[in-house]
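S.K.: Give me the fold of what follows.
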Amino acid sequence: MVLVKTQAGQEALKDRRGSLSSRQRSAFILFDGKRSMGEVLAATAAMGITQDDVQTMIAQGLLAPLPGQPQPVFAPAASLAPDNVAAPEAPGTDLGTIASPLEGSGRSPKERYQAAYPIATELTAGLGLRGFRLNLAVEGAGSFDDLAALAPKIREAVGDDKFERLDHALFD
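M.R.: Just a heads-up that it's a prediction; the model follows:
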(Lines give C-alpha, C1' and ligand atoms only; values in the text may rest on other atoms or scores of the structure.)
Protein backbone atom coordinates (compact mmCIF):
# COMPACT_ATOMS: atom_id res chain seq x y z
CA MET A 1 0.00 0.00 0.00
CA VAL A 2 1.35 3.39 -1.01
CA LEU A 3 0.41 6.37 1.18
CA VAL A 4 0.70 10.09 0.47
CA LYS A 5 0.55 13.20 2.63
CA THR A 6 -2.81 14.95 2.76
CA GLN A 7 -3.18 18.72 2.78
CA ALA A 8 -3.69 18.54 6.55
CA GLY A 9 -0.51 16.46 6.78
CA GLN A 10 1.48 19.00 4.78
CA GLU A 11 0.27 21.74 7.13
CA ALA A 12 1.11 19.68 10.23
CA LEU A 13 4.61 19.13 8.87
CA LYS A 14 5.11 22.86 8.32
CA ASP A 15 3.45 23.81 11.61
CA ARG A 16 5.69 21.51 13.71
CA ARG A 17 3.19 21.47 16.57
CA GLY A 18 1.03 18.88 18.19
CA SER A 19 0.09 15.90 16.13
CA LEU A 20 3.46 14.51 14.97
CA SER A 21 6.16 13.29 17.32
CA SER A 22 9.75 13.70 16.19
CA ARG A 23 9.90 9.98 15.36
CA GLN A 24 6.65 10.13 13.40
CA ARG A 25 7.83 13.25 11.57
CA SER A 26 10.85 11.34 10.23
CA ALA A 27 8.65 8.55 8.92
CA PHE A 28 6.00 10.98 7.66
CA ILE A 29 8.52 12.68 5.38
CA LEU A 30 9.19 9.33 3.66
CA PHE A 31 5.56 8.92 2.58
CA ASP A 32 6.00 10.46 -0.85
CA GLY A 33 3.57 8.43 -2.98
CA LYS A 34 6.41 6.28 -4.33
CA ARG A 35 7.43 4.13 -1.37
CA SER A 36 5.12 1.45 -0.01
CA MET A 37 4.11 1.43 3.62
CA GLY A 38 6.28 -1.68 4.11
CA GLU A 39 9.33 0.11 2.71
CA VAL A 40 8.80 3.10 5.01
CA LEU A 41 8.26 0.84 8.05
CA ALA A 42 11.42 -1.10 7.19
CA ALA A 43 13.43 2.11 6.79
CA THR A 44 12.23 3.54 10.10
CA ALA A 45 12.14 0.35 12.20
CA ALA A 46 15.36 1.32 13.97
CA MET A 47 13.64 4.51 15.20
CA GLY A 48 10.79 2.47 16.63
CA ILE A 49 8.15 3.41 14.05
CA THR A 50 5.42 0.79 13.95
CA GLN A 51 2.26 0.13 12.03
CA ASP A 52 0.49 1.69 15.01
CA ASP A 53 2.22 5.03 14.29
CA VAL A 54 1.14 4.87 10.65
CA GLN A 55 -2.41 4.01 11.70
CA THR A 56 -2.42 7.04 14.00
CA MET A 57 -1.28 9.32 11.17
CA ILE A 58 -4.04 7.95 8.92
CA ALA A 59 -6.66 8.35 11.66
CA GLN A 60 -5.54 11.97 12.16
CA GLY A 61 -6.03 12.59 8.43
CA LEU A 62 -2.33 13.26 7.81
CA LEU A 63 -1.84 10.35 5.40
CA ALA A 64 -4.15 8.76 2.83
CA PRO A 65 -3.84 5.99 0.25
CA LEU A 66 -3.15 6.95 -3.34
CA PRO A 67 -6.40 7.60 -5.24
CA GLY A 68 -7.93 4.31 -6.35
CA GLN A 69 -6.42 2.28 -3.51
CA PRO A 70 -8.55 0.93 -0.65
CA GLN A 71 -8.16 2.16 2.92
CA PRO A 72 -5.49 0.12 4.73
CA VAL A 73 -6.66 -2.59 7.11
CA PHE A 74 -4.62 -2.96 10.27
CA ALA A 75 -4.42 -5.66 12.89
CA PRO A 76 -6.22 -4.83 16.15
CA ALA A 77 -4.19 -2.62 18.44
CA ALA A 78 -4.00 -5.38 21.07
CA SER A 79 -1.89 -7.51 18.74
CA LEU A 80 0.50 -4.59 18.24
CA ALA A 81 1.03 -3.97 21.95
CA PRO A 82 4.62 -4.28 23.15
CA ASP A 83 5.49 -7.46 25.03
CA ASN A 84 5.75 -5.66 28.37
CA VAL A 85 2.25 -4.15 28.20
CA ALA A 86 -0.64 -6.48 28.92
CA ALA A 87 -3.13 -6.59 26.05
CA PRO A 88 -6.79 -6.29 27.06
CA GLU A 89 -8.49 -9.66 27.35
CA ALA A 90 -12.09 -10.70 26.90
CA PRO A 91 -14.36 -10.11 29.90
CA GLY A 92 -14.26 -12.94 32.38
CA THR A 93 -10.81 -14.13 31.28
CA ASP A 94 -8.53 -14.86 34.21
CA LEU A 95 -5.28 -13.02 33.61
CA GLY A 96 -3.61 -14.54 36.64
CA THR A 97 -0.32 -12.94 37.59
CA ILE A 98 0.63 -11.92 34.05
CA ALA A 99 -1.34 -8.68 33.82
CA SER A 100 -0.67 -5.65 35.92
CA PRO A 101 -3.71 -3.69 37.04
CA LEU A 102 -4.40 -0.59 34.95
CA GLU A 103 -5.47 2.47 36.87
CA GLY A 104 -8.23 4.99 36.21
CA SER A 105 -10.00 4.48 32.91
CA GLY A 106 -8.25 1.18 32.23
CA ARG A 107 -6.07 2.56 29.42
CA SER A 108 -2.63 1.06 29.01
CA PRO A 109 0.48 3.21 29.52
CA LYS A 110 0.99 3.16 25.74
CA GLU A 111 -2.52 4.55 25.14
CA ARG A 112 -2.00 7.21 27.79
CA TYR A 113 1.32 8.21 26.21
CA GLN A 114 -0.22 8.41 22.73
CA ALA A 115 -3.01 10.65 24.01
CA ALA A 116 -0.77 12.87 26.14
CA TYR A 117 2.27 13.35 23.89
CA PRO A 118 0.62 15.75 21.37
CA ILE A 119 -0.85 17.80 24.22
CA ALA A 120 2.49 18.02 26.06
CA THR A 121 4.25 19.04 22.84
CA GLU A 122 1.62 21.71 22.14
CA LEU A 123 1.82 23.13 25.65
CA THR A 124 5.61 23.31 25.78
CA ALA A 125 5.94 24.62 22.21
CA GLY A 126 3.59 27.44 23.19
CA LEU A 127 6.08 28.60 25.81
CA GLY A 128 8.51 29.85 23.16
CA LEU A 129 12.16 30.23 24.12
CA ARG A 130 11.21 30.17 27.78
CA GLY A 131 10.19 26.52 27.41
CA PHE A 132 12.75 25.42 24.84
CA ARG A 133 14.54 22.90 27.08
CA LEU A 134 11.28 21.55 28.42
CA ASN A 135 10.00 21.14 24.86
CA LEU A 136 13.15 19.21 23.95
CA ALA A 137 12.65 16.99 26.98
CA VAL A 138 9.05 16.29 25.95
CA GLU A 139 10.10 15.47 22.39
CA GLY A 140 12.69 13.09 23.81
CA ALA A 141 10.17 11.35 26.05
CA GLY A 142 9.65 7.91 24.56
CA SER A 143 7.28 6.37 27.08
CA PHE A 144 4.47 7.08 29.49
CA ASP A 145 6.92 7.00 32.42
CA ASP A 146 9.17 9.61 30.77
CA LEU A 147 6.21 11.91 30.10
CA ALA A 148 4.75 11.40 33.58
CA ALA A 149 8.12 12.37 35.09
CA LEU A 150 8.01 15.66 33.14
CA ALA A 151 4.41 16.43 34.13
CA PRO A 152 5.25 18.48 37.28
CA LYS A 153 7.66 20.68 35.31
CA ILE A 154 5.06 21.21 32.59
CA ARG A 155 2.43 22.10 35.20
CA GLU A 156 4.77 24.63 36.77
CA ALA A 157 5.57 26.19 33.39
CA VAL A 158 2.04 26.45 31.94
CA GLY A 159 -0.15 26.70 35.03
CA ASP A 160 -2.96 24.53 36.36
CA ASP A 161 -5.63 25.64 33.87
CA LYS A 162 -3.68 24.74 30.74
CA PHE A 163 -2.21 21.63 32.38
CA GLU A 164 -5.65 20.14 33.05
CA ARG A 165 -5.91 18.60 29.53
CA LEU A 166 -2.53 16.93 29.89
CA ASP A 167 -3.34 15.75 33.41
CA HIS A 168 -6.52 14.12 32.11
CA ALA A 169 -4.71 12.45 29.19
CA LEU A 170 -1.95 11.09 31.41
CA PHE A 171 -3.66 10.10 34.61
CA ASP A 172 -7.43 9.60 34.10
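S.K.: Excluding sequence neighbours, find me the nearest residue to the spatially most central residue of the chain.
M.R.: Nearest to the mean C-alpha position of the chain, by C-alpha atoms, centre = their mean, lies Gln114 at 3.8 Å. Nearest residue to Gln114, sequence neighbours excluded (C-beta to C-beta, 6 or more residues apart in numbering): Thr56, at 6.8 Å. Just so you know, the C-beta spots here come from the backbone N, C-alpha and C atoms, and that holds for glycine as well.
S.K.: tell me which element the one you found is part of?
M.R.: helix 51-59 (DSSP states H and E).
S.K.: hey, where'd the helices end up in the protein?
M.R.: Using DSSP state H, the helices of the chain run over 7-15, 22-30, 37-44, 51-59, 109-125, 132-140, 144-158, 160-171.
S.K.: As JSON lines, those with distance to Pro67 and mean pLDDT would be great.
M.R.: Output for the helices of the chain, formatted as JSON lines (distance: least, C-beta to C-beta, whole Å; pLDDT from 0 to 100):
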{"stretch": "helix 7-15", "distance to Pro67": "14", "mean pLDDT": "82"}
{"stretch": "helix 22-30", "distance to Pro67": "19", "mean pLDDT": "84"}
{"stretch": "helix 37-44", "distance to Pro67": "16", "mean pLDDT": "83"}
{"stretch": "helix 51-59", "distance to Pro67": "15", "mean pLDDT": "85"}
{"stretch": "helix 109-125", "distance to Pro67": "28", "mean pLDDT": "89"}
{"stretch": "helix 132-140", "distance to Pro67": "34", "mean pLDDT": "88"}
{"stretch": "helix 144-158", "distance to Pro67": "37", "mean pLDDT": "90"}
{"stretch": "helix 160-171", "distance to Pro67": "35", "mean pLDDT": "90"}
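S.K.: highest average neighbour count across those helices?
M.R.: helix 109-125 (a mean of 21; mean count of other C-beta atoms under 10 Å).
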